[in-house]
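Participant: below are the sequence and a predicted model; questions follow.
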2 protein chains.
Amino acid sequence: MTSDQAASVTAAVLVIGDEILSGRTKDKNIGYIADYMTNIGIDLREVRIVPDVMAEIVDALNALRHRYTYVFTTGGIGPTHDDITADAVAQAFGVELYEDQRIIEAMLTRIKPEDLNASRRRMARVPQGGDLVPNPVNKIPGFRIGNVIVMAGVPMIMQAMLDGVAPTLETGVKLTMTAIEADAPEGAYAAALGDIAKAHEGLSIGSYPSYADGKFKNQIIVRGRDPQEVAAGVTEIETMLDQLRAARA
Amino acid sequence: MTSDQAASVTAAVLVIGDEILSGRTKDKNIGYIADYMTNIGIDLREVRIVPDVMAEIVDALNALRHRYTYVFTTGGIGPTHDDITADAVAQAFGVELYEDQRIIEAMLTRIKPEDLNASRRRMARVPQGGDLVPNPVNKIPGFRIGNVIVMAGVPMIMQAMLDGVAPTLETGVKLTMTAIEADAPEGAYAAALGDIAKAHEGLSIGSYPSYADGKFKNQIIVRGRDPQEVAAGVTEIETMLDQLRAARA
């Protein structure tokens, strides 16, 4: 944990959809948004995946929106009966939904007036006080109300919406991140690494095992807002690993 | 939502790790566990991803373990300072950690006694009252306490642990699932589909747009515990789509 966390800009992601929880659809948005937030200097601090159930969505929204600078939702904004995200957001904020004429007009550029049925009109509903989030892909916008940004679940559309809303977001100091290939078992360096982490409260230092090409490898990741402190931490860790290698040689 | 949900066996997944939230590591466990639960007749109802912060892990554990039949955690069980899952689980359950001699012995089959340092011993700590979850990959077990199953974050190890614990889990009636290619815009069938969903409380009916090969397509998924009701719902939906095609032809 970084000591300047209180001052940082934070975010949570709320993924809405039975299809993700059943395994039928594999989420591709969480990792994308995580990278995106890191790149623009926002700390993604929590993710939740909930089913298409009103009370679950409302409870998660209220838990997250009071806690983080921004909440990004994905999914549940289409025209079918299981698309209840707009209703849930309105309920969480205690406001009504209105039909946004700009969305109706955008839809009419793509469908005939006689095809503008009640189901499609559902997609034009925005909570009172909301702003539209542009969608260059299929023109039907997402929306934003307060610190909650409501986006589509289809990754291509979600990504376009994120590009649209990103310039309007407050961002923090970008993290500097350095990866060190540890080439030693975690158990051999854990104590020394813990001491270095303890001495640098401004750094977040993690050790991550992974498995590829038939063997385990360990990476040490050093993250922080002060590039000089990151560099100092990296030097200490590399020296520690060198000493370890020398001792084992 | 299915009407027999109260009687079903449910689960939540708690992913623990800064590296997932920073985007540096892309989670591969959620989708795998989702498929696995569906296949063995357990309803995955919620997923949370939290950072390597004690209070966050404890709060999420306590929120989830009182609510679902099982909670599966992934990540944070290695030997380094950021591996605090065992501590968090013990704190959530209000018990102490003990050093499990079976784990010490398993580690000693792979490392020399002089390499069994304090960091590695951390991996032998299990909350009082816990059982071991076997790990055929690198021998260091996960554990289970009450309804919480604590697994590694490395997918290959997590998968082996899931195989180890699955036979001990209570499971529900497997869902029957049928996918229908809708070949029509969602907005055209949304109202009729909503009516069918309303008439079948025992079914979960969802409509899912996706984008591939340069075009959008929509799938309607019908899920339920009673295969006959699923079949009946599918027939009604196919008839509805046929009528729609005829009307548009």
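Facilitator: Right, received. Where do you want to start?

Participant: all strands of chain A, in order?
Facilitator: Per DSSP state E, chain A has strands spanning A:10-16, A:43-50, A:70-74, A:97-99, A:125-127, A:131-133, A:142-145, A:148-151, A:176-181, A:203-212, A:215-224. These are given in chain order.

Participant: which of the ones you listed is buried the deepest?
Facilitator: Across those, the average number of neighbours (mean count of other C-beta atoms under 10 Å in any protein chain shown) peaks for strand A:70-74, which reaches a mean of 28. Every C-beta, even on glycine, is put in place using the N, C-alpha and C of the backbone.

Participant: which strands border it, and is each parallel or antiparallel?
Facilitator: Strands flanking strand A:70-74 in the sheet, each with its direction: strand A:10-16 (parallel), strand A:148-151 (parallel) (DSSP bridges).

Participant: JSON lines please, covering these and showing mean pLDDT.
Facilitator: Conversion of the strands paired with strand A:70-74 to JSON lines gives the following (pLDDT from 0 to 100):
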{"stretch": "strand A:10-16", "mean pLDDT": "98"}
{"stretch": "strand A:148-151", "mean pLDDT": "98"}
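
Participant: didn't residue A:91 look like it was pressed against residue A:56?
Facilitator: No. The pair residue A:91 and residue A:56 fails to qualify as a contact (C-beta atoms under 8 Å) at a distance of 11.8 Å.

Participant: when those two are compared, which one has more neighbours?
Facilitator: Each of residue A:91 and residue A:56 had its neighbours counted (other C-beta atoms under 10 Å in any protein chain shown), and the higher figure belongs to residue A:91 (19 against 16).

Participant: longest helix of chain A?
Facilitator: Scanning chain A for the longest helix, with DSSP state H as the assignment, gives helix A:227-248.

Participant: any weak-confidence spans in chain A?
Facilitator: Within chain A, the stretches with pLDDT under 70 are A:1-7.

Participant: let's see it at 90
Facilitator: Applying pLDDT under 90 to the predicted model, the residue ranges of chain A that meet it are A:1-8, A:136-139, A:172-175, A:183, A:209-217, A:247-249.

Participant: which residues sit in contact with the closest residue to residue A:139 other than its chain neighbours?
Facilitator: Counting by C-beta to C-beta, 6 or more residues apart in numbering or on different chains, residue A:139 lies nearest to residue A:106, which is 4.4 Å off, once chain neighbours are set aside. Contacts for residue A:106 (C-beta atoms under 8 Å, 6 or more residues apart in numbering or on different chains) come out as A:139-141.

Participant: turn the buried ones among those residues into a named PyMOL selection, would you?
Facilitator: One line in PyMOL is enough to select the buried members of the contacts of residue A:106, burial here meaning 16 or more other C-beta atoms under 10 Å in any protein chain shown:
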select buried, chain A and resi 140+141
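
Participant: chain B: which of the contacts of residue A:106 is nearest?
Facilitator: Using C-beta to the nearest C-beta, residue A:140 is the member of these that sits closest to chain B, with 9.9 Å.

Participant: looks like the closest one contacts residue A:105 (just checking).
Facilitator: No. Contact status for residue A:140 versus residue A:105: not in contact, 11.2 Å apart, counting by C-beta under 8 Å.

Participant: what about the strands paired with strand A:70-74, which gets the closest to residue B:45?
Facilitator: Judged by C-beta to C-beta, the one of the strands paired with strand A:70-74 that comes nearest to residue B:45 is strand A:10-16, at 13.0 Å.

Participant: for the closest one, give me every contacting residue.
Facilitator: Applying C-beta under 8 Å, 6+ apart, the contact partners of strand A:10-16 are A:27, A:29-30, A:33-34, A:37, A:42-52, A:57, A:60-61, A:64, A:67-76, A:85, A:88, A:153, B:47.

Participant: outline the domain layout of chain A.
Facilitator: Per the record, chain A has its domains at A:5-168, A:176-248, by automatic domain parsing.

Participant: tell me the most buried of the ones you listed?
Facilitator: Using mean count of other C-beta under 10 Å, the stretch among these with the greatest mean number of neighbours is domain A:5-168 (a mean of 20).

Participant: roughly how far is that domain from the heart of the chain?
Facilitator: Averaging C-alpha coordinates over domain A:5-168 and over its chain gives two centres that are 12 Å apart (C-alpha atoms, centre = their mean, to the nearest Å).

Participant: quick one on the thing from earlier: would you mind giving the strands of chain A as JSON lines with distance to residue B:184 added?
Facilitator: Written out in JSON lines, the entries for the strands of chain A read as follows (distance: least, C-beta to C-beta, whole Å):
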{"stretch": "strand A:10-16", "distance to residue B:184": "24"}
{"stretch": "strand A:43-50", "distance to residue B:184": "28"}
{"stretch": "strand A:70-74", "distance to residue B:184": "24"}
{"stretch": "strand A:97-99", "distance to residue B:184": "24"}
{"stretch": "strand A:125-127", "distance to residue B:184": "22"}
{"stretch": "strand A:131-133", "distance to residue B:184": "27"}
{"stretch": "strand A:142-145", "distance to residue B:184": "24"}
{"stretch": "strand A:148-151", "distance to residue B:184": "24"}
{"stretch": "strand A:176-181", "distance to residue B:184": "46"}
{"stretch": "strand A:203-212", "distance to residue B:184": "43"}
{"stretch": "strand A:215-224", "distance to residue B:184": "47"}
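
Participant: to residue B:235, which of the ones you listed lies closest?
Facilitator: Nearest of these to residue B:235, taken as C-beta to C-beta: strand A:10-16 at 28.8 Å.

Participant: using PDB, list the CA coordinates for that closest one.
Facilitator: C-alpha atoms of strand A:10-16 as PDB (Å, rounded to 0.1, in the frame of the first residue of the first chain):
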ATOM      1  CA  THR A  10      -9.800   5.600  -7.100                       C
ATOM      2  CA  ALA A  11     -12.200   3.500  -9.100                       C
ATOM      3  CA  ALA A  12     -14.300   0.300  -8.900                       C
ATOM      4  CA  VAL A  13     -15.700  -1.800 -11.700                       C
ATOM      5  CA  LEU A  14     -19.200  -3.400 -11.400                       C
ATOM      6  CA  VAL A  15     -19.800  -6.100 -14.000                       C
ATOM      7  CA  ILE A  16     -23.500  -6.900 -14.300                       C
END
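
Participant: by how many degrees do it and strand A:43-50 diverge?
Facilitator: Computed with axes from the mean of the first three to the mean of the last three C-alpha atoms, to 10 degrees, the direction of strand A:10-16 lies at 20 degrees from that of strand A:43-50.
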